[in-house]
Each structure stands twice: as C-alpha cells, then as structure tokens.
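*Asks:* Okay, here's the prediction I keep looking at, along with the sequence it came from:
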Amino acid sequence: MENTCSVEPKAFINERQGSIIASGKSRANIHCADDSLAGSVSQRACVYCGARVVLNPVTDAVHLVHGPIGCATYTWDIRGSLSSGSEMYRKSFSTDMKERDVIFGGERKLAVCIDEIVMKYHPPAIFVYSTCVAGMIGDDIVAVCKLASEKHGTEVIPVESTGFSSGNKIVGYRAAADALLRLITPKDGVDVKKTKKLNFLGEYNLGGEKWLIEGYLQEMGVGINVAFTGDSSVAALKQAPGASLNLVQCTGSMHWLAMRLEEEFGIPSMSVNFFGAENTAESLRRIARFYDDEEIIRRTEILIEREMGRILPGIRWYKEKLVGKRAAIYVGGAFKAVAIIRQLRELGMEIVLTGTQTGKPEEYENLSNLLDEGTIIIDDANPAEIEKFLIEQKVDVMAGGVKERVLATKLGVGFVDHNHDRKECLAGFDGAINFAREVYITTCTPVWGHIRSPFNMEAADGSHDE
Amino acid sequence: MVIGVIVMLECIPRKAIDHTVGKINPAKTCQPLGAMYAALGINRCLPHSHGSQGCCAYHRMALTRHFREQVLASSSSFTEGASVFGGAANLKTSIKNIFEIYNPDIIAVHTTCLSETIGDDLSTIIKQSEVPEGKVVIHANTPSYQGSHITGFSNMCRGIVSYLAESDGTQKKNRVNIIPGFVNPGDVREIRRIVEEMGVESVIFPDTSGVLDAPLTSRYEQYPDGGSRVEDIRDSGNSKLTLSLGSFASDAAASLLQEKCGVPGIPLKLPIGLKATDALIMALKEAFGVAVPRSLEIERGQVIDTLIDTHHHYQGRTVAVFGDPDTVIALTEFLLTMGMVPKYIITGTPGSLFEKQIWEMLAEVGLTDCRVKADADLLDLQLWIRESPVDLLIGTTHGKYIARAEDIPLVRVGFPIFDRAVHPLMPIVGYRGCLRLIEQISNTLLERRDRDSTDEDFELVL
C-alpha cells in the first residue's frame, strides 16, 4: 500500500502537465482556470448547465429554455432535488428553436411561449435561460423578459447563460446568482421583515437532505428561512433578505451570492459542511455559537451526542470492512472533494487521487494541504488520465459523477455517485451511514470475486487487485 | 404518494389552452446525440462534437444513462473566440490532439447549432487538417434546430456512406448491407443472428453491439471490440443489396449508397413485430434465393402460439404509444397484430410521413377514432389522455410522469430509458423481440389487474 508516486505524475498531453500535480511535491499552482483543450474528452459542461443546476430546484417556477430542443431535454429533471410542494420544476419547457428562428430571430417566439405558459400555469416566476444559439444570433432575452413581466405582472427573469461564453460551470453559477438576486431584491415599497431565521445557501435537497438538516436545526431551536435553492418556492425566496445568517454549503455555486447578500442586506455568512458525522457536528456547534443562546447550545449538544451514539456502531461496522481500502475522488467542485476526503478517512480509507472540474487555485492549495504527500491532484481530468491513475494507484473505490461510473466499474473499481444527480441522502448523521453503506456495497460486492472467468485462468491478468 | 399525484395533476392546465409554439415535456432531443450514437457504431471511432463542450457532455451523459456504458467523445471546446472567428482552428487542433492522445482509427465529426450558425465549412476544414496515414476523419452536418436526434442519426449514417463506401466497379458480391437504425445493441445482435440463420453474408452499419453492451473484464478498453469495421463499410459499395430498416433513420444512407455505388436498396420497417420480421426474412429470401431455416419457422410459430395463449389479456385494450418514429411505426403495426387499439400515437420528430404511415395502418383495420401527431410533445399526449384515458402507455422513461399523474401503467420501450436497466441487451426486434414485447405488455396489464382486484377477485391462475 505504497501511497507515494515514485515519479512526477505524467500527463498524456504536454499542455495538460500543469493541470496535474502530486500533493506536497510541487509548489507550482495547478492550472485550473485554463479553458479545456480542444479535442480532449473533457468532463466539463457549459454555462447553461451551471445556471440550471442552481436554479432548477426552485419548485414552483417555470424553467423555460430559449434554444433548440436539446438544451431542455438533457436537463429535464437534472437534479435529484425533492419538493414538498409544487412539481412545476419537473416539467421541461423549451422554445424549440427551429431554423427560421435562427435566421429571423427567436424573440417573438419566446414572447409567445411566455404568454402561453402564463395563461396555462400562472407561475409565480419564469426563469428564461439563454443558450448558445440564442446568444449567437443576438436575441435580446432581457428585453423580452422585461416586456413580458410588465404585460403579465409576474416575474419573468432572464438567465444569461449562453453556453459558449465559457467552458466552465462557474460562470453559469454566477448567472444563476444574478437571476436570484433579481428575484429576491425587494421591489420599491416592499418591506421584508427581519427574523432570527437563517438562509441555507448551496443546499439542493438532494434525497431530502435539506429536510434532514432542517430537522436538526428545528430541534436546536433555529429555523430555516429559505434554502438556496432546494425545495424553495418563489415566495419563500423573496423572504431571503429577512434572514439573520447565511449558511453556505456548496462554495462553488454560492460563494458570490453570499457576498452579495452580505453587501446588500447585511446578512453575515458562515461556511458549513454537512457531509460526514464529524463535519455535521462541527457545523451545528458553530451555528449554535452564532446565536449565542445557552438553550440552543444545550439542545445542540444533546442532539449531537444522541445522533453520534446512534450511528457510531454502524460506522464502526463499515469501517472494519473498509479500513485500508484505496479511494479516488473526482467531483465537480473542491467543496465536495474536501467533504468526501474527510468522510472516507472516517471510514479508515486512504485517498490516493483527487480531482475536480471547477476548482479554484486557493481551493487546490487547501486540498493539497489536506491530502497525504504524493496524493495525485488533477484539474478537469479526461478519461484517459482517470483510467491511468485508477490502475496505477490500485484504487478500490471511486466517488464521482455519472460520466465516471462506467469507467471505474469496467476496471473493477467500485463506484459511489456523489454528484448533483444522485438520489441518496448523504448529508447529516443519517447521510454518514448512508454514505458508508454506499461505499461498502460497491467496494465489497460479491460480484468482484467473479470477474475472472474460470475457463482460461493462465490467460487472465486482470488489473483488479483482490 | 397521494400528495405527489395531486400535485402532478395540478401541473397540467385544467382546461385546454393554446399550445402553439415551443415544447412542454419534449419527446425528442437534438441531432448531435443521434450522430454521436451512430458514430459509436463504427469500430475504433471517436465521435467528435464541433461546438461548445456542454453539448458533448450532455450527449455522453444521456447515452451513458441509457446504456450504462462508458461513452467517449471529444469536443472542439468552443469559447467566445471560436464563436466570433469561426471554429476552424479548434477543429484542426482537436483532430491533431485526438489522434495523438486517443489514437482512434476514425474520427466522426458532427456539428452543433453553434458551429452551424457560425457557418463552419467542415469539408474544407477536414481537408486542411493533418490526418495521420491510415486514419480517417468523416463528418455530418447536424444542426440542432432541425429535426431531432433521429435526423442526426440519419445524417451521420449518410455521412458514413458519403466518406467511406466505395464501389470498385466489378460484379457485386453476394452480400447484403443492413442499416439497422437507431436501435439498442441487443437489437443489432438479434438482426445479425437472423441474417446469419438465413445464411446470408452481411455488412451491418452502424453496429453498436460490442461497443455499448461490452462485457466487464476488469480491463478497460477505450475502444471495445465492437462496431462496424471501416474496411467493411468501404466494401459495402460492392454489396448486392441494402436493406434500410426504418425510413427516418436509415433511408437516406441507403439512397446515397444506391446513387454513389449503384447498390439497390429496399426500405423496410424496423423489424419489430411479426409482420415486420416476416418482411425482413422474405426480403432476404427473395433477394438471395435462400431457404428460410426450420429454426426461424419454429421461432415464428412460438410467437403465434404465445399470442394465442395471451391474447385475452390485451386484445381490445387501448394504448398510447410515443417515441422515435421508426420504432413507433413498427410497434403500432405489432399492436394491431395483437388486437390492441393504439388510440394515441405520437413522435417528437417532425415529418408528415409518420402520420401518413400510421393512418394507413389504422385505416386497414378500420380504426378511425385515434389521434396521431408528429412533432408532438408529451403535454399533447397527456391532455388527450386526460380527455379520454387509455389502458396502457408505451414509451420512454419520460412517460413516467404521465403514468403516475394519470395512473396508467407504462411499458418502457425506446430511447431514452434512464430508470431501468438491462433493456439495451434485450432485443425487441425479430421473433424473440415479439416474445419480449408480449411478455412486457401482458405482464404489465396483469400486474395492474392484480393490484386493482378486490380480495374476491384475486386469482392464482390468470
């Protein structure tokens, strides 16, 4: 179980050498702000995708995509976010741009689409997403939305997410944050009352995670004002300025919005992390300290002690099975990577490879400090690189998104889905157990024992390390 | 559960209001996905998306979710610069990088809405690119704002013929070309088996079997050992006959083969159902003068036997069908063979040929009280069902919202199916496919009957 690389990790494309470093070995900064190289099989998505994943969980809004049909179809129900109310967000709306719209402009079609949607559904808000072609032909979606807003007396909010403006989802997160700010900034004469409640930024209610954390907070005596954006409604989002604290969970998608909320409405923010039992306990304690209320602090300690006691036997059981196994992580952002590293360590596993699609330089610095010396860190990895390192590092299990799943499993490497389309609740104390179970069943499935056929044993030389 | 149903009910308009532009809950996706899928049916091919990288990531994700297989494809990774100055430089760099790093035998480039709008001339760019000795770069124009993923599949099939197929002018070989259409790899395997049983030599392209149903061996094969070989596709110009299965996906390529290499083509339906499978076998029998083996006779007889054993479970029941045009056309024919009533039939792909073909089949059996629509969306279908319900829904995963809101059982057939597994390996074509469809349809209706029956009516034997 040698955990260090004997040589500097080698990229296949020379231009990509700067995007791969070994932790602790190289002081050079990782080149994470580079655009993806033309012709490489990048796992990165587009600006529109980034905006859509952030806004999609707004449950009662219509999400109207102004572009050819694909952009809407591929993002239909893109997240496993659950709703306690409206299911409007699970419908897919597209202007279905055709050739004549590309030639003559699509603004009129967009306007008619909005009219029909308002008449049919009377939604409290419509998010209108711009796409590559809409941007290319210069459709003025801002003007169309403004006119429609006035005409119908409803929120029609442009999301300027033209896909080609960057190959990076972060730009899309920013476009989504702009749209959210537009929605929540009180109109003249509207007064949003200040409360003791908090906003929960970067919480998307995947597998009901928001509900779980909300339960903890309620027990402590703290209320959630609104989550950005898991299980949120337009009306609830408009109350966002009334919160007294912003919890920020997914820094990639919400950092900028948190800053703006502080500037505009004076709401301080606090980074939290509910992935893993230790992280959860630490985050709850920090929230309790913020309120500086004896009763809240007392209740928090009771909650943590009870929950820890409840899950510990389970975690211990999984740890016995998983201790010493080698893990790789390839996820969207650094926040998630850090959270998974801690959780896998709680299970006694070694992290031998980490990568993200959209990490920022300071986040990579942070990752590098957190990891053991020699652990490989890659930015915007292509499948060939992931494959190479999975084999070289004799990885037993990988945490990643849908595109990495098959790559890992074909190599005989277990796989845990930790992306925005997962269905399992992985947050909080319950999530820690769920995560341990997910890692265990995929790492230790009996199927791995049957990969090699008994027919030609001498010829078989599988890379899976038993 | 109950709350969910009520909420979804409220999510469709209470009364019919004009739905004249745009799509609500689409029943199609865009051309490049189909082009990527067709390209994956070539051995050692890397599909390349000439546009911004989001598109490529989406297509790979959608295909991976359906097939649960690794889908490799590269992108020109357009940014603002390429969008202003054109994407020629990006494509040339891409081609160079791809051959260096991923080392495919062939790159199949498709365009996107972005590169089409910019107006990149792919033929010229490819001619100016450095292509290593023995390697090939082909392309198809697949503007996302026309047609659907099926149009894109068809365009890439045509692109494959246009770049690769050659006739050496000598006498045609006693061999059939088969263009199997947008079907699962399990279907291609079944089509090949039938042709082999008939004793006819064949070139099948695009052939996604072996690529998107590859075995797990603990080795990672960047290019699994499947797909049509480039040299075989080249030689397709010397075959005696082309059978194009499904007019929307396959006819364009067959026409070009005829035009370019003088290979006559016979357009057939996708061989889904009894009649369409019969037609495939008859076409082979007549063109090649071969006898139909007893094994296929037995398989056919088993289908008839099963239909008779089960017909009381489904005959006369109403069904709504949606999906890709070639699949839905053939499936409708089989539903009519089964004695079912296909009351609503839609496809998301535009094309009046769809409506014409379906109406002809319905007229043959005297059905007039049906609704048929091409370029439709799932809101259309749901509103019809709301007005007058059906017993069964047949289509893709996207139908599950309707199934739940309207409380109608759903049989999953077609692309995409994201919420069930194994289907890409299980053929619905040929006589074996008939058995699978009969089993799925009658079991689904019987499950429903068991669920709904009172204690008095709950029977052990059905």
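*Replies:* Great, that's in hand.
*Asks:* hey, let's count contacts and neighbours off CA atoms from now on
*Replies:* Fine.
*Asks:* ranges for the strands of the stretch 151-300 of chain A?
*Replies:* If DSSP state E, counting those that start in this stretch is used as the criterion, the strands of the stretch 151-300 of chain A fall at A:155-159, A:198-203, A:224-229, A:245-248, A:269-271.
*Asks:* does the residue in the stretch 201-350 of chain B positioned nearest to chain A count as helix, strand or coil?
*Replies:* Closest approach between the stretch 201-350 of chain B and chain A, counting by CA to the nearest CA: residue B:218, at 4.2 Å. The three-state assignment at residue B:218 reads coil, by DSSP: H, G, I helix; E, B strand; the rest coil.
*Asks:* Equivalent analysis for the one 4 residues further on, please.
*Replies:* For residue B:222, the assignment made with three-state DSSP gives coil.
*Asks:* Kindly provide the distance from it to residue B:67.
*Replies:* To residue B:67, residue B:222 is 16 Å away according to CA to CA, to the nearest Å.
*Asks:* For residue 161, give me its contacts.
*Replies:* This is for chain A. A:47-48, A:51, A:129-131, A:171-172, A:175 (CA atoms under 8 Å, 6 or more residues apart in numbering or on different chains).
*Asks:* The intended chain is chain B.
*Replies:* With contacts taken as CA under 8 Å, 6+ apart, residue B:161 has the following neighbours: B:233, B:253, B:256-257.
*Asks:* please redo it, this time with the cut-off set to 6 Å
*Replies:* By CA atoms under 6 Å, 6 or more residues apart in numbering or on different chains, no residues touch residue B:161.
*Asks:* Would you double-check that it falls in a helix?
*Replies:* Yes: counting by three-state DSSP, residue B:161 is found in a helix.
*Asks:* Give me the domain ranges for the chain.
*Replies:* Chain wasn't specified; assuming chain A. For chain A, the structural domains run A:14-31+A:318-450, A:47-184, A:198-304, going by automatic domain parsing.
*Asks:* try chain B instead
*Replies:* Taking automatic domain parsing as the reference, chain B has its domains at B:31-164, B:173-213+B:223-292, B:296-457.
*Asks:* Point out the most buried one among the ones you listed.
*Replies:* The highest mean neighbour count among these, using mean count of other CA atoms under 10 Å in any protein chain shown, belongs to domain B:31-164: a mean of 23.
*Asks:* and residue B:219, how many neighbours?
*Replies:* 16 (other CA atoms under 10 Å in any protein chain shown).
*Asks:* Which pLDDT value goes with it?
*Replies:* pLDDT for residue B:219: 80.
*Asks:* right, and it touches residue A:411 too?
*Replies:* Yes: counting by CA atoms under 6 Å, residue B:219 touches residue A:411, with 5.3 Å between them.
*Asks:* Now the strand or helix carrying residue B:361: average pLDDT?
*Replies:* Assigned by DSSP states H and E, residue B:361 belongs to helix B:352-364. The pLDDT scores in helix B:352-364 average 97.
*Asks:* moving C-terminal of that helix, what's the next helix or strand?
*Replies:* Taking DSSP H and E, what comes next after helix B:352-364 is strand B:371-373.
*Asks:* Quick check: which element contains residue A:150?
*Replies:* Assigned by DSSP H and E, residue A:150 belongs to helix A:141-152.
*Asks:* That helix packs against which elements?
*Replies:* strand A:155-159 (3 or more CA pairs under 6 Å, 6 or more residues apart in numbering or on different chains; DSSP states H and E).
*Asks:* okay, the angle between the strand it packs on and helix A:141-152?
*Replies:* Interaxial angle, strand A:155-159 versus helix A:141-152 (axes from the mean of the first three to the mean of the last three CA atoms, to 10 degrees): 170 degrees.
*Asks:* any chance of the strands of the stretch 151-300 of chain A in a markdown table, with mean neighbour count and mean pLDDT too?
*Replies:* Formatted as a markdown table, the strands of the stretch 151-300 of chain A follow (neighbours: other CA atoms under 10 Å in any protein chain shown; pLDDT from 0 to 100):
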| stretch | mean neighbour count | mean pLDDT |
| --- | --- | --- |
| strand A:155-159 | 25 | 97 |
| strand A:198-203 | 26 | 95 |
| strand A:224-229 | 25 | 96 |
| strand A:245-248 | 26 | 96 |
| strand A:269-271 | 18 | 94 |
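*Asks:* Strands along the stretch 351-462 of chain B, start to end?
*Replies:* B:371-373, B:392-395, B:410-412.
*Asks:* a markdown table for these, including distance to chain A?
*Replies:* Output for the strands of the stretch 351-462 of chain B, formatted as a markdown table (distance: least, CA to the nearest CA, whole Å):
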| stretch | distance to chain A |
| --- | --- |
| strand B:371-373 | 17 |
| strand B:392-395 | 16 |
| strand B:410-412 | 18 |
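*Asks:* Of all these, which one is nearest residue A:382?
*Replies:* strand B:410-412 (33.2 Å; CA to CA).
*Asks:* contacts for the closest one?
*Replies:* By CA under 6 Å, 6+ apart, strand B:410-412 touches B:393-396.
*Asks:* Would you mind writing the CA trace of whatever helix or strand residue A:368 lives in as PDB?
*Replies:* In the assignment (DSSP H and E), residue A:368 maps to helix A:361-370. Provided in PDB are the C-alpha atoms of helix A:361-370 (Å, rounded to 0.1, in the frame of the first residue of the first chain):
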ATOM      1  CA  PRO A 361      -6.400  27.900  -7.200                       C
ATOM      2  CA  GLU A 362      -6.900  28.600  -3.400                       C
ATOM      3  CA  GLU A 363      -9.100  25.500  -3.200                       C
ATOM      4  CA  TYR A 364      -6.500  23.300  -4.800                       C
ATOM      5  CA  GLU A 365      -3.900  24.800  -2.300                       C
ATOM      6  CA  ASN A 366      -6.300  23.800   0.500                       C
ATOM      7  CA  LEU A 367      -6.800  20.300  -1.000                       C
ATOM      8  CA  SER A 368      -3.100  19.800  -1.300                       C
ATOM      9  CA  ASN A 369      -2.500  20.700   2.400                       C
ATOM     10  CA  LEU A 370      -5.300  18.300   3.400                       C
END
